[in-house]
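from the sequence below, what's the structure:
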Amino acid sequence: MFFDIGAGEILGLAILGVILVGPERLPHVASEAAKLVKKLRALSQTATAELRENLGPGFENLQPADLHPKTFIKKQLADALDENQKPVTKKINAKIDPDLL
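Down below sits the predicted model:
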């Protein structure tokens with residue numbers, strides 16, 4: 001499953017939901033939760049589409065997971081290194097300006 005939740009956890013959450021919400025209000029709460037998830041999914045898809053559109057060419061296959069800084073940098077470095085090029089092994093001495101700290 002998506003969050004790596006097994007059948008036992010789902011059953012436990014269902015029992016907890018019946019206890020906390022009550023059996024008479026549980027269907028209404030479940031439908032409201034489903035509507036919320038649907039709205040969040042649509043919102044994220046819209047935001048991703050707008051981001052792709054605003055970033056321009058080269059980002060047509062952008063996924064939200066690609067926006068994690070480590071993933072983004074790895075992907076950009078992999079694209080920058082051509083198959084015929086060797087990775088840069090030159091050591092760079094970067095110095096931090098103490099006034100910026």
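
every contact and neighbour count from this point should use C-alpha atoms.
Noted.

the lengthiest helix in the chain packs against which elements?
Longest helix in the chain, counting residues (DSSP state H): helix 26-55. Packing contacts for helix 26-55, counted by 3 or more Cα pairs under 8 Å, 6 or more residues apart in numbering; DSSP states H and E, involve helix 7-21.

which residues touch the helix it packs on?
L26, V29 (Cα atoms under 8 Å, 6 or more residues apart in numbering).

which parts of it are buried?
Using 16 or more other Cα atoms under 10 Å as the test for burial, helix 7-21 gives G17.

let me know the angle separating it from helix 26-55.
Interaxial angle of helix 7-21 relative to helix 26-55 (axes from the mean of the first three to the mean of the last three Cα atoms, to 10 degrees): 110 degrees.

looking at helix 7-21 now, give me its mean pLDDT.
Helix 7-21 shows a mean pLDDT of 88.

check stretch 38-48 too.
Mean predicted confidence for stretch 38-48 is 90.

what residues sit buried inside the longest helix of the chain?
Neighbour count says helix 26-55 has L26, R52 buried, by 16+ other Cα under 10 Å.

quick check: next helix or strand after that helix?
Beyond helix 26-55 on the C-terminal side, the first helix or strand identified by DSSP states H and E is helix 69-80.

can I get that following helix as CSV, trimmed to CA atoms?
Provided in CSV are the C-alpha atoms of helix 69-80 (Å, rounded to 0.1, in the frame of the first residue of the first chain):
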residue,chain,number,x,y,z
PRO,A,69,16.6,19.3,-2.9
LYS,A,70,18.8,16.2,-3.0
THR,A,71,16.7,14.6,-5.8
PHE,A,72,16.7,17.8,-7.8
ILE,A,73,20.5,18.2,-7.6
LYS,A,74,21.1,14.6,-8.4
LYS,A,75,18.8,14.8,-11.5
GLN,A,76,20.4,18.1,-12.7
LEU,A,77,23.9,16.7,-12.3
ALA,A,78,23.0,13.5,-14.1
ASP,A,79,21.5,15.6,-16.9
ALA,A,80,24.6,17.9,-17.0
